[in-house]
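In: Predicted model and sequence follow; I will ask about them next.
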Amino acid sequence: MSAAEGPLVVGVDTSTQSTKALVVDVATGEVVASGQAPHTVSSGAGRESDPLQWWDALREALHQCGDAAREAAAVSVAGQQHGLVTLDAQGAPVRPALLWNDVRSAPQAGRLVEELGGPKAWAERTGSVPGPSITVTKWAWLAEHEPESVRATASVRLPHDYLTGLLTGLGTTDRGDASGTGWWASGTEAYDEEVLGHVGLDPALLPRVVRPGEVVGTVRDSGDLPFAKGTLVAPGTGDNAAAALGLGLRPGTAVLSLGTSGTVYAVSTRRPADPTGTVAGFADARGDWLPLACTLNCTLAVDRVAALLGMDREAVEPGTSVTLLPYLDGERTPALPHASGLLHGLRHDTTRGQLLQAAYDGAVHSLLGALDLVLDEDADRSAPLLLIGGGARGKAWQETVRRLSGRAVQVPEAKELVALGAAAQAAGVLTGEDPAAVARRWNTARGPVLDAGERDEAALARIAGVISDAAPLLERKADQR
């Protein structure tokens, strides 16, 4: 037996690039063991992954945790949102999963918005105006381009649903992840039969949406997992909702998450419905709401620019008047699914370090542009921004956010907040506690605060001006260039 004070739980983060597992002491929040295994994602026009590798990665990550995983009393899986997982009658993947950052369904997204009442009607119905990231558009794309895959599909899941189902043998999801599909109505908190009928998706193929705090099942007898038979399984949720749990977020506190994608969000007690489509009106994993704006291009795009320049990602230089819009995968905020990267203002005296700083500026500008829409009227806009995700510990990211926001920035010391949030959810089903209160008890948001500075209004205005002036280029499809 380990030296932990209380029972142990496992929190899992199955993200775009890898699966991570943490074994956490419920009493103290101490991480007593961890494991990680990578995924692969296709390149080219689409972004796809084989779901079987997520399961292999989960097993590997759990085995790296050793004896501690065998002692766990409960487990929860958090995962990348929106991914379309299609399974046949035997539960095997019909095809690779279409991931959140696969924007091939942009035409289907536009048609769905038009055919079912327009942006305002969609926002009122589902909380969000569907863009190509939203799952319903991916199903519409699949029906149009691969009807044989649709005919072979006996169940439809999201990434976290898929792994939870392999643990329990049951088909379940939670309100947080379901709210990112486009076929879950935020007003009624139920699947929307009109949307499903319009895209030809039988609701019988979808998982049951469980209540927050519900035990969805137990780990079935599987010889290749280190869990004891009967280990409790929590609902799981989407990655952003899990990170909110992991921080123990209270309403009104703004979070900037710097990962493969960049997101800004806050917990709210009000159901969001933004007809502009900038803010996605997601549910959280507790019963409140999680208005969120997302950019497709964040750390991965900036790292790509650094690689093209042959530079370390921290080797930025100030004083630039160049603008770089790093829309390497199209963009979601602003809504430019067909865009590519754009460089403007290059001079003989522009340095490589200044070009790299311009990439950071372009990525952060997109996130900050949505911040006011995400926060409620009564939010404290002078409070520090919580900076999380893989980029949060980078000095260049920290300073760029601080300079362009004009706000103090707090960087939690806790790592792997998505997995920690899943662990807090697992602790909640075990003890009956509010998982956000569990995370606050663990003090997961503790970390240094960088003081606020003067906001760089000139840089913000310059970037906004380039986006406006370059609109015809940014909106042009690849075959029109």
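Out: In hand now; what should we look at?

In: Can you give the distance from the longest helix that the chain contains to the centre of its chain?
Out: The helix spanning the most residues in the chain, taking DSSP state H as the definition, is helix 352-369. Counting by CA atoms, centre = their mean, to the nearest Å, helix 352-369 is centred 21 Å from the centre of its parent chain.

In: pLDDT of it, averaged?
Out: For helix 352-369, mean pLDDT rounds to 95.

In: Check stretch 263-270 too.
Out: 93.

In: need the helices for the stretch 251-400 of the chain, in chain order.
Out: 299-309, 352-369, 371-374, 395-405 (DSSP state H, counting those that start in this stretch).

In: Now do the longest helix of the chain against helix 299-309: the angle between them, please.
Out: Orientation of helix 352-369 against helix 299-309 (axes from the mean of the first three to the mean of the last three CA atoms, to 10 degrees) gives an angle of 170 degrees.

In: Does anything pack onto helix 352-369? Which helices or strands?
Out: On a contact count with 3 or more CB pairs under 8 Å, 6 or more residues apart in numbering; DSSP states H and E, helix 352-369 meets strand 262-265, strand 289-295, helix 299-309, strand 323-325, helix 395-405, helix 457-469. Every C-beta, even on glycine, is put in place using the N, C-alpha and C of the backbone.

In: In it, which residues are buried?
Out: Buried residues in helix 352-369, counted by 16 or more other CB atoms under 10 Å: 352-369.

In: now do stretch 403-415
Out: Buried, per 16+ other CB under 10 Å, within stretch 403-415: R403, L404, S405, R407, V409, Q410, V411, P412, A414, K415.

In: Now tabulate those in CSV and tack on pLDDT and distance to D202.
Out: CSV is the format used below for these (pLDDT from 0 to 100; distance: CB to CB, whole Å):
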residue, pLDDT, distance to D202
R403, 97, 51
L404, 96, 46
S405, 95, 46
R407, 94, 47
V409, 97, 47
Q410, 96, 46
V411, 96, 46
P412, 95, 42
A414, 91, 42
K415, 85, 41
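
In: what's the closest of those residues to G29?
Out: When the buried residues of stretch 403-415 are ranked by distance to G29 (CB to CB), A414 comes first, at 8.4 Å.

In: quick one: the closest one and L328, what's the gap?
Out: 30 Å (CB to CB, to the nearest Å).

In: Same question for W54.
Out: Going from W54 to L328 by CB to CB gives 25 Å.

In: Of the two, give the one with the bigger neighbour count.
Out: Shown here are W54 and L328; by other CB atoms under 10 Å, W54 has more neighbours (29 against 17).

In: Could you give the number of residues near P203?
Out: By other CB under 10 Å, the residues close to P203 number 13.

In: for E194, what are its contacts?
Out: Each residue near E194 by CB atoms under 8 Å, 6 or more residues apart in numbering is listed here: L116.

In: rerun at 7 Å
Out: Listed by CB atoms under 7 Å, 6 or more residues apart in numbering, E194 has no contact partners.

In: Pull the distance from the helix or strand in which it is found to the chain's centre.
Out: Here E194, judged by DSSP states H and E, is contained in helix 193-199. Helix 193-199 has its C-alpha centroid displaced from the chain centroid by 25 Å (CA atoms, centre = their mean).

In: hey, which helix or strand in this structure has the poorest pLDDT?
Out: helix 371-374 (a mean of 83; mean pLDDT, DSSP states H and E).

In: And that helix, what's buried?
Out: Buried residues in helix 371-374, counting neighbours by 16+ other CB under 10 Å, are found at L371, V374.

In: what packs against that helix?
Out: Where contact means 3 or more CB pairs under 7 Å, 6 or more residues apart in numbering; DSSP states H and E, helix 371-374 is packed against strand 262-265, strand 289-295.

In: Mind giving me the packing neighbours of the longest one?
Out: What it means is strand 289-295. helix 239-247, strand 262-265, strand 280-283, helix 352-369, helix 371-374.

In: Kindly recompute the last result at 6 Å.
Out: Taking 3 or more CB pairs under 6 Å, 6 or more residues apart in numbering; DSSP states H and E as contact, the helices and strands that strand 289-295 lies on are helix 239-247, strand 262-265, strand 280-283.

In: And for the shortest one?
Out: Here strand 262-265 touches strand 255-258, strand 289-295, going by 3+ CB pairs under 6 Å, 6+ apart.

In: Select, out of those, the one closest to A74.
Out: Closest among the helices and strands packed on strand 262-265, using CB to CB: strand 289-295, at 23.0 Å.

In: Now do that closest one and helix 352-369, the angle between them.
Out: Using the same axes, to 10 degrees: strand 289-295 against helix 352-369 is 150 degrees.

In: Contacts made by strand 289-295 with the rest, please.
Out: Under the criterion CB atoms under 6 Å, 6 or more residues apart in numbering, residues 240-241, 244, 261-265, 268, 271-272, 278-284, 332-333, 366-367, 370, 374 lie in contact with strand 289-295.

In: that older thread, between the buried residues of stretch 403-415, which sits nearest A445?
Out: Distances from A445 to the buried residues of stretch 403-415, taken by CB to CB, are shortest for P412, at 5.0 Å.

In: Okay, the closest one and R332: tell me how far apart.
Out: Taking CB to CB, one finds P412 at 25 Å from R332.

In: still on that earlier bit, buried residues in the helix holding E194, which are they?
Out: V195, L196, V199.

In: ditto for stretch 202-213
Out: Taking 16+ other CB under 10 Å as the criterion, stretch 202-213 shows L205, L206, P207, V209, V210, P212, G213 as buried.

In: Off-centre distance for it?
Out: 20 Å.

In: what does that stretch contact?
Out: Stretch 202-213 is contacted from outside by 155-156, 161, 171-175, 178, 191, 196, 216, 235, 286-287, 428, using CB under 6 Å, 6+ apart.

In: how long is it end to end?
Out: 27 Å (CA to CA, to the nearest Å).

In: Can you tell me which of the buried residues of helix 193-199 comes closest to V41?
Out: Relative to V41, the closest of the buried residues of helix 193-199 is V199; by CB to CB it sits at 25.0 Å.

In: Please consider this matter closed, and thank you.
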